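Student: Below is the sequence, then the predicted model.
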Amino acid sequence: MTNAFNGPGPDAVFAAALAEGRFMLQQCDECKKYVFYPRVLCPHCGSPELAWQFASGQGVVYSTTVVRRKPEQGGDYNVALVDLSEGPRMMSRVDGIPPHEVSIGLAVCAHIIDDPKKGKLLVFTPAQGGVA
Amino acid sequence: MKATDLRGKTAIVGVGLGGLPGVLNAAPNRSSMEIQTEAVHQALTDAGLKPSDVDGLFTGSSHAFMPALSTAEYLGIRLKISDTTMIGGSSFVGHLLPAAMALQYGLCDVALICYGSNQGSGFGKLKSMSEPQTYEAPYYPRHPITSYALAAARHMHQFGTRREDLAEVAVAARRWAQLNPLAFARDDLTIEQVMASRMVNDPLSKLDCCLVTDGGGALVLVRSERAKDFPRPPVYMLGTAMAHWHRQISSMPDLTVTAAAESGPRAFAMAGLAPADVDVVELYDAFTINTLLFLEDLGFCAKGEGGAFVRGGRIAPGGSLAVNTNGGGLSCCHPGMYGTFLLIEAVQQLRGEAGARQVDNAHIALCHGSGGVLSSQVTALLGDASTL
Ligand SMILES: [Zn+2]
């Protein structure tokens, strides 16, 4: 039974998985497309038949910006949109290289880190081999 | 019954501004309601009407929960219909549709569209009721600029658009503002100065961003059949269309194509017009990238060619296309939501009362509102009596 109207809501399921170190995506049983952010209805076809799958964690930077911030407030940081290999796009950031070196087209892979303020947080680092 | 039935059936017979330099009062310590009401008073006076003549209200706010109730009570008026559809800064261009429908069906006889905010003097920086987006907020995007920066970065990557092209938009807006005594920012501005201004969210610098000011705008609308009974030349709504495809930037299908690509053609179809027919263009320029995206999506140039299109002062005074003739959100005013100012500037141009910034032979104006983070898009085509 994959119907998203049963049990805890998809937001809660996603958050619980993330808290245990797992990055899960919904996949629609009807149209087979992947869905992010989590929903009770597929935004592609309207079906409530959505099954949870382990995400590959592979993606490509679709766009990127450096949010400028004073050094005493923590310095500049990256915000990126990542196109997951399963299809959906998500906002995240790319760690492991300076924020201004993150470039569109960069191949990245997901990591779940312990963020001091947000708890378990999904971020990306450059994948082995670089450009997708 | 079809959408094109609304063409030319609604007339704008009064416009008013408040809280801008050179209008009645731009002093600090004025509330948003006081600024809005100054604009309403100006618009009603322009139309030769009193508050008690208004029986339909179309308004919005970024800080009031029930703005129609507050506005009507403050004005001491009793309404037959009100609508506060909130789709961000484009809301007030969007209000043309329910206002036109309500007038056409006799649900009201005098419709008022209005907005006011003391965002510049009252609370100094961007503030709204906008709810944080659950799946974006953990990465601390700065709302709303990070979203627009991501769109600009993608446009530059995909089409070779340069920061100089974005700067050209800011300089054109400033040159129009220098012709408008009501504009907030009128100092000389060069492309080099825009390029050298403090980077906020790459590739957008401080001067790629709209102003944060006070301001209010109001418009009075009636059925066209009685438009000639009013003191000022009527301006007619020829076509209006709305489209929205996303709420948050991570859900925008293609960051280089806004839903203006859908609202624009539908509005042109309702009006029976094409981009080449437009004499004056008012685009919601919250950030410089907006102007490029909307020029492309609305059909003034091909997708990806917005940067090349604006080069060499083409949208500045004396250029081949008059864009954002009041100075826009970048240099005239931007009190949180800018929609009313698009319409008011278009009306003033079509009436021929725009002074030093008047565009010659302006008969047809396009107003394009955008709300959220390039999310809601509303295109309106307005015309003078010769276009009916
Ligand atoms: Zn589906």
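Tutor: Yep, it's here. Residues are numbered from 1 along each chain as shown, chains lettered A, B, ... in the order given.
Student: any idea which helix or strand carries residue B:36?
Tutor: In this assignment (DSSP states H and E), residue B:36 forms part of helix B:32-47.
Student: Now do the nearest residue to residue B:247 once chain neighbours are set aside against residue B:249, distance only.
Tutor: Using C-beta to C-beta, 6 or more residues apart in numbering or on different chains and skipping the chain neighbours, the partner closest in space to residue B:247 is residue B:375 (5.7 Å). C-beta here means a position set from N, CA and C on the backbone, and glycine is covered the same way. Using C-beta to C-beta, to the nearest Å, we find residue B:375 at a distance of 8 Å from residue B:249.
Student: who does whichever helix or strand comes after the helix holding residue B:36 touch, helix- and strand-wise?
Tutor: Sequence order places strand B:56-59 as the next helix or strand after helix B:32-47, per DSSP H and E. Contact partners of strand B:56-59 among helices and strands, from 3 or more C-beta pairs under 8 Å, 6 or more residues apart in numbering or on different chains; DSSP states H and E: helix B:67-75, strand B:81-83, helix B:96-104, strand B:111-117.
Student: Make a markdown table from those and add distance to residue A:70 and mean neighbour count to it.
Tutor: Converted to a markdown table, the helices and strands packed on strand B:56-59 look like this (distance: least, C-beta to C-beta, whole Å; neighbours: other C-beta atoms under 10 Å in any protein chain shown):
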| stretch | distance to residue A:70 | mean neighbour count |
| --- | --- | --- |
| helix B:67-75 | 36 | 19 |
| strand B:81-83 | 43 | 20 |
| helix B:96-104 | 43 | 22 |
| strand B:111-117 | 28 | 30 |
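Student: Would you point out which residue is most central in chain A?
Tutor: The geometric centre of chain A, computed from its C-alpha atoms, lies nearest to residue A:90 (C-alpha atoms, centre = their mean), at 4.9 Å.
Student: Name the residues linked to that one by a beta bridge.
Tutor: residue A:82 (DSSP bridges).
Student: re the thing from before, nearest to residue A:115 among the helices and strands packed on strand B:56-59 would be which one?
Tutor: Closest to residue A:115 of those, according to C-beta to C-beta: strand B:111-117, at 34.8 Å.
Student: What pairs with the closest one, parallel or antiparallel?
Tutor: Here, using DSSP bridges, strand B:111-117 pairs with strand B:56-59 (parallel), strand B:215-223 (antiparallel).
Student: Out of those, which is the most enclosed?
Tutor: Mean neighbours per residue, mean count of other C-beta atoms under 10 Å in any protein chain shown, is largest over the strands paired with strand B:111-117 for strand B:215-223, with a mean of 28.
Student: going on from that one, what's the next piece of helix or strand?
Tutor: strand B:235-244.
Student: Check the average confidence over that following strand, would you?
Tutor: The average pLDDT within strand B:235-244 is 98.
Student: Then stretch B:57-76?
Tutor: 95.
Student: Looking at the helices and strands packed on strand B:56-59, which is nearest to residue B:57?
Tutor: Minimum separation from residue B:57 across the helices and strands packed on strand B:56-59 (C-beta to C-beta) falls at strand B:81-83, 4.2 Å.
Student: Tell me how far that closest one lies from the chain's centre.
Tutor: Relative to the centre of its chain, strand B:81-83 is centred 21 Å away, using C-alpha atoms, centre = their mean, to the nearest Å.
Student: picking up where we left off before, indicate which one of the strands paired with strand B:111-117 is closest to the ion.
Tutor: Between the ion and these, the shortest gap by C-beta to the ion is with strand B:56-59, which sits at 37.0 Å.
Student: how close does the residue nearest to residue B:33 when sequence neighbours are not counted get to residue A:89?
Tutor: Residue nearest to residue B:33 in three dimensions, not counting chain neighbours: residue B:74, with 5.5 Å by C-beta to C-beta, 6+ apart. Residue B:74 sits 44 Å away from residue A:89, taking C-beta to C-beta as the criterion.
Student: about what we covered before: the residue nearest to residue B:33 against residue B:32, yeah?
Tutor: No - assessed by C-beta atoms under 8 Å, residue B:74 is found out of contact with residue B:32, at 10.7 Å.
Student: the residue most distant from the middle of chain A, which is it?
Tutor: residue A:72 (28.9 Å).
Student: Can you verify that one is assigned to a strand?
Tutor: No - checked against DSSP: H, G, I helix; E, B strand; the rest coil, residue A:72 lies outside a strand; its state is helix.
Student: starting at the chain centroid, how far to stretch A:19-35?
Tutor: 11 Å.
Student: Flag every buried residue along it.
Tutor: Within stretch A:19-35, the residues that count as buried by 16 or more other C-beta atoms under 10 Å in any protein chain shown are A:23-28, A:33-35.
Student: can you tell me which of these lies nearest to chain B?
Tutor: Nearest to chain B among these: residue A:35, at 11.4 Å, using C-beta to the nearest C-beta.
Student: Quick check: the closest one vs residue B:65, distance?
Tutor: From residue A:35 to residue B:65 the distance is 32 Å (C-beta to C-beta).
Student: can I get the strands paired with strand B:111-117 in JSON lines with distance to the ion?
Tutor: Output for the strands paired with strand B:111-117, formatted as JSON lines (distance: least, C-beta to the ion, whole Å):
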{"stretch": "strand B:56-59", "distance to the ion": "37"}
{"stretch": "strand B:215-223", "distance to the ion": "42"}
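Student: Counting neighbours, what do you get for residue 17?
Tutor: Went with chain A since none was named. Using other C-beta atoms under 10 Å in any protein chain shown, the number of residues around residue A:17 comes to 19.
Student: The intended chain is chain B.
Tutor: 26.
Student: so when I look at it, I'm seeing a helix, right?
Tutor: No - counting by three-state DSSP, one finds residue B:17 to be strand, located in no helix.
Student: which stretches of the chain aren't confidently modelled?
Tutor: Just so you know, I chose chain A. Within chain A, the ranges that satisfy pLDDT under 70 run A:1-2, A:129-132.
Student: My question was about chain B, not that one.
Tutor: Along chain B, the model assigns pLDDT under 70 to residues B:23-27, B:123-129.
Student: Chain B contacts on chain A?
Tutor: A:11, A:36-37, A:62-68, A:77, A:79, A:81, A:89-93, A:100, A:104-105, A:115, A:118, A:121 (C-beta under 8 Å from any C-beta of the partner chain).
Student: what residues does stretch B:259-274 touch?
Tutor: With contacts defined as C-beta atoms under 8 Å, 6 or more residues apart in numbering or on different chains, stretch B:259-274 is touched by B:3-4, B:6-7, B:238-245, B:275, B:293-294, B:297-299, B:364, B:366, B:368, B:370, B:375-381, B:383.
Student: same thing but 7 Å
Tutor: Here stretch B:259-274 makes contact (C-beta atoms under 7 Å, 6 or more residues apart in numbering or on different chains) with B:3-4, B:6-7, B:238-245, B:294, B:297-299, B:364, B:368, B:377-381.
Student: Likewise for stretch B:101-113?
Tutor: With C-beta under 7 Å, 6+ apart, stretch B:101-113 has contacts from B:6, B:9-10, B:40, B:49, B:53-59, B:80-81, B:92, B:95, B:99, B:218-223, B:340.
Student: could you measure the residue nearest to the centre of chain A against the ion, distance?
Tutor: 18 Å (C-beta to the ion, to the nearest Å).
Student: ok, that residue - contacts?
Tutor: For residue A:90, counting by C-beta under 7 Å, 6+ apart, the contacting residues are A:36, A:82, A:84, B:135, B:250.
Student: Need those residues in a markdown table (columns: distance to residue B:315 and neighbour count).
Tutor: What follows is those, written out as a markdown table (distance: C-beta to C-beta, whole Å; neighbours: other C-beta atoms under 10 Å in any protein chain shown):
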| residue | distance to residue B:315 | neighbour count |
| --- | --- | --- |
| A:36 | 38 | 20 |
| A:82 | 34 | 27 |
| A:84 | 38 | 23 |
| B:135 | 37 | 18 |
| B:250 | 30 | 26 |
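Student: So which of those is the closest to the ion?
Tutor: Among the contacts of residue A:90, residue A:36 lies closest to the ion (C-beta to the ion), at 12.9 Å.
Student: I'd guess residue B:155 is in a strand, am I close?
Tutor: No - assignment of residue B:155 by three-state DSSP gives helix, placing it outside any strand.
Student: Noted, bye for now.
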